[in-house]
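Engineer: what follows is a predicted structure for the sequence shown.
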Amino acid sequence: MYQQVSNIKNLDLKKYCWIGTGGLASNVFIAESELHLSNYLKNKNKKNFFVLGSGSNILFRDKGFSGKLIKLSSKFRGINYSSDKKYLVCGAASLKKELSYFALKNNITGFEFLSCIPGNLAGGVIMNAGCFEHEFSQIIHEIIGYNFNGFKKIIPINKLKFKYRKTNIPKNFVITQIKFKIKKSSYDNVKHKMNNFIKKKTNSQPEKIKTSGSTFLNPSNKVKAWELIKGAGCDKLNFNGAKFSDKHCNFIDNSLNAESKNIEKLISQTIEKVKIKYNIKLRLEIKVIGDK
Ligand SMILES: Cc1cc2nc3c(=O)[nH]c(=O)nc-3n(C[C@H](O)[C@H](O)[C@H](O)COP(=O)(O)OP(=O)(O)OC[C@H]3O[C@@H](n4cnc5c(N)ncnc54)[C@H](O)[C@@H]3O)c2cc1C
């Protein structure tokens, strides 16, 4: 049997989040299989776990993370049909993009929007990620995973509740697999829809920068966070390199490698200025993780 090198000390978190911030994680577990994960969870004190996906929605703090960080290895990647061919059964660490291209190749519609969102499938489920009127809630059939006591649980769609960038999946749960519904279409239709989404996304949002995507949630369908940020003059703030993108001011642009503390300052100042100007309290979409 091969030896699993799965407990890592002092992982540089900068390399594990898209925005490129953070200190060291002192206690990292890389799960290589469901059994491996289950055994680990059964043997640990359940406090202070954080499950990391691809880190595209995370801002890690400068002081690092001294809790227990769990990550699924690439062995949790893979996309297959269920035996009755009614569903797609996907490893939680598969990328959204992979699934959208698998769907395209197999003439399946509903997954086109995944071509525009970074990260893995589990991160997308937890965030109920979406764009252009599409979101994960519309395509999921079932979630499979382990609670922090190490026991397997299947959550069917009728037990799941989804809101804007939010689900009722318990915080103490590691998603390992997701089953998606299948709706057939034609290759040309799927390709056309996907190309449209990719074009829209490229036109409106910055690409190839260090960011965590939308920093704040939109307060409502009609009131957009970027409009409030711009209206309150926060699009021009800069704290030692911590600033918003010129292309979309709800995205932080960390090309100047700002420290997290300065990005947190940018965030808190923006909340304050928007509150003063509009009496609206912006709420974070990104998750700020790490020791204070
Ligand atoms: C350039 C850019 C564009 C973006 N565009 C969009 C967009 O259009 N729409 C949108 O909704 N978001 C967008 N985002 C935000 C982000 O990509 C999504 O929220 C994405 O779904 C996060 O996936 P991830 O794998 O990176 O998860 P992470 O950021 O690593 O984690 C997100 C959450 O999921 C949890 N999680 C991850 N894996 C597991 C698991 N296996 N089990 C349990 N919990 C888990 C984490 O604990 C955390 O709470 C964008 C981000 C960037 C950088």
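Structural biologist: In hand now; what should we look at?
Engineer: when you work out contacts or count neighbours from here on, use the C-alpha atoms and nothing else.
Structural biologist: OK.
Engineer: right, is stretch 105-117 up against the ligand?
Structural biologist: Yes - on the criterion CA under 6 Å from any ligand atom, stretch 105-117 is in touch with the ligand at I117.
Engineer: oops, could you answer that again for stretch 24-33 instead?
Structural biologist: No - under the criterion of CA under 6 Å from any ligand atom, the ligand is not reached by stretch 24-33; the shortest gap measures 10.2 Å.
Engineer: straight-line length of that stretch, end to end?
Structural biologist: Terminal residues of stretch 24-33 are spaced 25 Å apart (CA to CA, to the nearest Å).
Engineer: and that stretch, what's its mean pLDDT?
Structural biologist: For stretch 24-33, the mean per-residue pLDDT is 95.
Engineer: quick check: buried residues in it?
Structural biologist: For stretch 24-33, a neighbour-count test (16 or more other CA atoms under 10 Å) marks L24, A25, S26, N27, V28, F29, I30, A31, E32 as buried.
Engineer: isn't K86 up against I182?
Structural biologist: Yes - applying CA atoms under 8 Å as the test, K86 and I182 come out as touching, 6.4 Å apart.
Engineer: quick one, which of these two is more surrounded?
Structural biologist: I182 (20 against 13; other CA atoms under 10 Å).
Engineer: what's near enough to touch the more buried one?
Structural biologist: I182 makes contact with K86, Y87, L88, I108, T109, I139, according to CA atoms under 8 Å, 6 or more residues apart in numbering.
Engineer: what's the least confident helix or strand in the chain by mean pLDDT packed up against?
Structural biologist: Using mean pLDDT, DSSP states H and E, the weakest-scoring helix or strand in the chain turns out to be strand 7-8, at a mean of 79. Counting contacts by 3 or more CA pairs under 8 Å, 6 or more residues apart in numbering; DSSP states H and E, strand 7-8 is packed against strand 28-31.
Engineer: and the helix or strand just after the strand it packs on, what does it pack against?
Structural biologist: Once strand 28-31 ends, the next helix or strand along the chain (criterion: DSSP states H and E) is helix 34-42. Helices and strands touching helix 34-42, by 3+ CA pairs under 8 Å, 6+ apart: there are none.
Engineer: report all helices and strands that the helix or strand just after helix 34-42 contacts.
Structural biologist: Going down the chain from helix 34-42, the next helix or strand is strand 49-52, by DSSP H and E. Identification of packing neighbours for strand 49-52 by 3+ CA pairs under 8 Å, 6+ apart yields strand 68-72.
Engineer: what comes up buried for the helix or strand following the strand it packs on?
Structural biologist: Remark: after strand 68-72, the chain's next helix or strand is strand 79-81, criterion DSSP H and E. Residues of strand 79-81 classed as buried: I79 (neighbour count, 16+ other CA under 10 Å).
Engineer: so in that sheet, which strands flank the helix or strand following strand 79-81, and in what orientation?
Structural biologist: As assigned by DSSP H and E, the chain's next helix or strand after strand 79-81 is strand 87-91. Paired strands of strand 87-91, with direction, are strand 79-81 (antiparallel), strand 173-181 (antiparallel) (DSSP bridges).
Engineer: closest one to the ligand among the ones you listed?
Structural biologist: When the strands paired with strand 87-91 are compared by CA to the nearest ligand atom, strand 173-181 sits nearest the ligand, at 3.6 Å.
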